[in-house]
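> A structural model of the following input is requested.
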Amino acid sequence: MAKILVVDDERSIRSTLKDILELEKYKVDQAADGFECLVKVKQNNYDIIILDIKMPKMDGMEAIDRLGELAPDTPIIMISGHGTIDTAVEAVKKGAFDFIQKPMDLNRLLITIRNAMDKSCLITEKKTLQKKVNKNVNTIEMIGSSKGIKQIKETIERVGPTDARVLVTGENGTGKELVARHMHQKSSRAENPLIEVNCAAIPSELIESELFGHKKGSFTGAYKDRVGKFELANNGTLFLDEIGDMSLSAQAKVLRALQESRITRVGEEKDIKVDVRVIAATNKNLREEIAKGAFREDLYHRLAVIIVQVPSLNERKEDIPLLVEHFVDQICSEYGMSKKKVQTPAMKELQNLGWTGNIRELRNVVERLIILSKEEITRKDVQLFVTPSSGEKSGLNRLIDQFEDLASLQSHVEKEFNKRKDVTMV
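Numbers count the residues shown, from 1 in each chain. All right, here's what the predicted structure looks like:
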């Protein structure tokens, strides 16, 4: 049950509002002035505060300033019998959800309370999502000692603590999102959320709603107000993965958000101020996309303050033994198995393969070898169970081909034998 604090120096108004709101199934508490209001807010959590302006001891305008520190997320509805347009504007500037003049229209008050409750629910939902995101973001160690990885680690150490925007480039599966996570963890925003958005996975007609949120009824399927990723990432980091796949319309709005630190939900006109560090990633050549008219050059320059190029696995093959050992430990632990040894010839065989799927492909291969091999992973296991990305055929495929060739040869021999048999009979 939602809990409302009614603050007014007139007992009759407090009592009337209490009776009305309790009929609407709200739980109601009362305060006679600003001081009593602050005391109650320190002791209790309220979903909404209805606050009169003209009161003795401490008026509503002074109280709302203090409430901004004590209960910054609680919607406050200001009421007054002496209100003017200037008073209403000042109240909203101080953070009031709405301003209602006395004598109050009951229907308007109830509608305003319901709208304020919607806002309160959105704030609660946002906090819940942020907690889940923070809980699930476990920064994985960046494995490798190759020159390229060392340079990336050095860049993260220098750039991470700043608010500089970063563009991470590289092939699919190289670990671009891992770079973003390490950047976030090294920043002053590490205690706040890292929100990840895969721009390629979201339909172009929904990307703006996903990023900026939307108002209920703003389009078909918008059944309730929604908080966008920019708001969820407020005071934290927003990771825009595969930004090269974002529509030009969404690019324009992202550019505005970066320039002005403000966003607008779909279907609303009111701006929302946000403080977000943006890290973007792409597997595309954005210079080529700009030349084709598929990517905005001004957005590119906004994003590419720092560029981090993640090398492909084929460019850092000396890291493969470290990566394989890491994946063996990780996967055997997940399956509850004792650790399997990778024999040296097997490791060399893995290093000699071509990896178009990069780190992601290597992990899948290690998982397959752990499942299909016996006590240890041998070179023969690699030859049998791994299909190289380079197009060369694995031992298993070669065996299949041999069986197919043998079957074809047997069929050919049988046909020739039957032909000769027929000739002999004639």
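
> where does pLDDT dip in the chain?
Applying pLDDT under 70 to the chain flags the ranges 83, 124-140, 388-426.

> next, the buried residues of stretch 16-31.
Residues of stretch 16-31 classed as buried: 17, 18, 21, 26, 28, 29, 30, 31 (neighbour count, 16 or more other C-beta atoms under 10 Å). Heads up, the C-betas are built off the backbone N, CA and C, glycines and all.

> quick one: the first one from residue 120, how far?
Distance check for residue 17 against residue 120: by C-beta to C-beta, to the nearest Å, it reads 18 Å.

> what's the answer for the second one, then?
The gap separating residue 18 from residue 120 is 19 Å, by C-beta to C-beta.

> tell me where the stretch 251-400 of the chain has strands.
262-264, 271-273, 277-282, 306-309, 341-342, 376-377 (DSSP state E, counting those that start in this stretch).

> export those strands as a markdown table, with columns for mean neighbour count and distance to residue 362.
As requested, the strands of the stretch 251-400 of the chain are exported to a markdown table (neighbours: other C-beta atoms under 10 Å; distance: least, C-beta to C-beta, whole Å):
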| stretch | mean neighbour count | distance to residue 362 |
| --- | --- | --- |
| strand 262-264 | 18 | 39 |
| strand 271-273 | 13 | 42 |
| strand 277-282 | 25 | 19 |
| strand 306-309 | 16 | 19 |
| strand 341-342 | 19 | 12 |
| strand 376-377 | 18 | 13 |
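
> turn those strands into a markdown table, including distance to residue 320.
Supplementary listing: the strands of the stretch 251-400 of the chain in a markdown table, determined by distance: least, C-beta to C-beta, whole Å:
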| stretch | distance to residue 320 |
| --- | --- |
| strand 262-264 | 43 |
| strand 271-273 | 47 |
| strand 277-282 | 23 |
| strand 306-309 | 19 |
| strand 341-342 | 10 |
| strand 376-377 | 13 |
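
> nearest to residue 68 among those strands would be which one?
strand 271-273 (14.4 Å; C-beta to C-beta).

> nearest the middle, which residue of the protein would you pick?
Central residue of the chain (C-alpha atoms, centre = their mean): residue 196, 2.4 Å from the mean position.

> next up, the contacts around that one.
177, 180, 239, 241 (C-beta atoms under 8 Å, 6 or more residues apart in numbering).

> could you list the domains of the protein?
Split into domains by automatic domain parsing, the chain comes to 3-132, 144-311, 314-385.

> for the contacts of residue 196, work out which two are farthest apart.
Taking C-beta to C-beta, no two of the contacts of residue 196 sit farther apart than 180 and 241, at 7.9 Å.

> these two - which one has more neighbours?
Higher neighbour count among residue 180 and residue 241: residue 180, with 24 against 21, using other C-beta atoms under 10 Å.

> report the angle between the helix or strand where that one lies and strand 277-282.
Under the criterion of DSSP states H and E, residue 180 resides in helix 176-185. In terms of direction (axes from the mean of the first three to the mean of the last three C-alpha atoms, to 10 degrees), helix 176-185 departs from strand 277-282 by 170 degrees.

> what separates helix 176-185 from the chain centre, distance-wise?
12 Å (C-alpha atoms, centre = their mean, to the nearest Å).

> alpha carbons of that helix, as PDB, please.
Extracted C-alpha coordinates of helix 176-185, given in PDB (Å, rounded to 0.1, in the frame of the first residue of the first chain):
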ATOM      1  CA  LYS A 176      35.600  -5.300 -27.100                       C
ATOM      2  CA  GLU A 177      33.000  -5.400 -24.300                       C
ATOM      3  CA  LEU A 178      35.800  -6.600 -21.900                       C
ATOM      4  CA  VAL A 179      37.700  -3.400 -22.700                       C
ATOM      5  CA  ALA A 180      34.600  -1.300 -21.900                       C
ATOM      6  CA  ARG A 181      34.100  -3.100 -18.600                       C
ATOM      7  CA  HIS A 182      37.700  -2.500 -17.500                       C
ATOM      8  CA  MET A 183      37.400   1.200 -18.500                       C
ATOM      9  CA  HIS A 184      34.300   1.400 -16.300                       C
ATOM     10  CA  GLN A 185      36.000  -0.300 -13.400                       C
END
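
> mind listing what's buried in it?
Here helix 176-185 shows 176, 177, 178, 179, 180, 181, 182, 183, 184 as buried, counting by 16+ other C-beta under 10 Å.

> now swap in stretch 115-126 and tell me
116, 117, 119, 120, 122, 123, 126.

> can you check stretch 320-331 too?
320, 323, 324, 325, 326, 327, 328, 331.

> contact partners for the fifth one?
In other words, residue 326. Here residue 326 is in contact with 141, 143 (C-beta under 8 Å, 6+ apart).

> from what I can see residue 297 touches residue 287, true?
No - taking contacts as C-beta atoms under 8 Å, residue 297 lies outside contact range of residue 287: 9.1 Å.

> list the helices and strands the helix or strand that contains residue 4 packs on?
Here residue 4 sits within strand 3-7, counting by DSSP H and E. Contacts defined by 3 or more C-beta pairs under 8 Å, 6 or more residues apart in numbering; DSSP states H and E place strand 3-7 against helix 11-23, strand 27-31, helix 34-43, strand 48-52.

> distance from the first helix or strand past the last one going along the chain to the middle of the chain?
The element immediately downstream of strand 48-52 (helix or strand, assigned by DSSP H and E) is helix 60-70. The offset between the C-alpha centroid of helix 60-70 and the centroid of the whole chain comes to 33 Å, using C-alpha atoms, centre = their mean.

> what's the following helix or strand after helix 60-70?
Per DSSP H and E, the helix or strand that comes after helix 60-70 is strand 76-80.

> could you give the angle of the next helix or strand after that following strand to helix 60-70?
For strand 76-80, the succeeding helix or strand toward the C-terminus, using DSSP H and E, is helix 85-93. Orientation of helix 85-93 against helix 60-70 (the same axes, to 10 degrees) gives an angle of 10 degrees.

> between residue 180 and residue 241, what contacts are shared?
196, 281.

> so residue 153 sits against residue 141, correct?
No - taking contacts as C-beta under 8 Å, residue 153 lies outside contact range of residue 141: 10.6 Å.

> who has more neighbours out of the two?
Using other C-beta under 10 Å as the criterion, residue 153 and residue 141 rank with residue 153 on top: 15 against 8.
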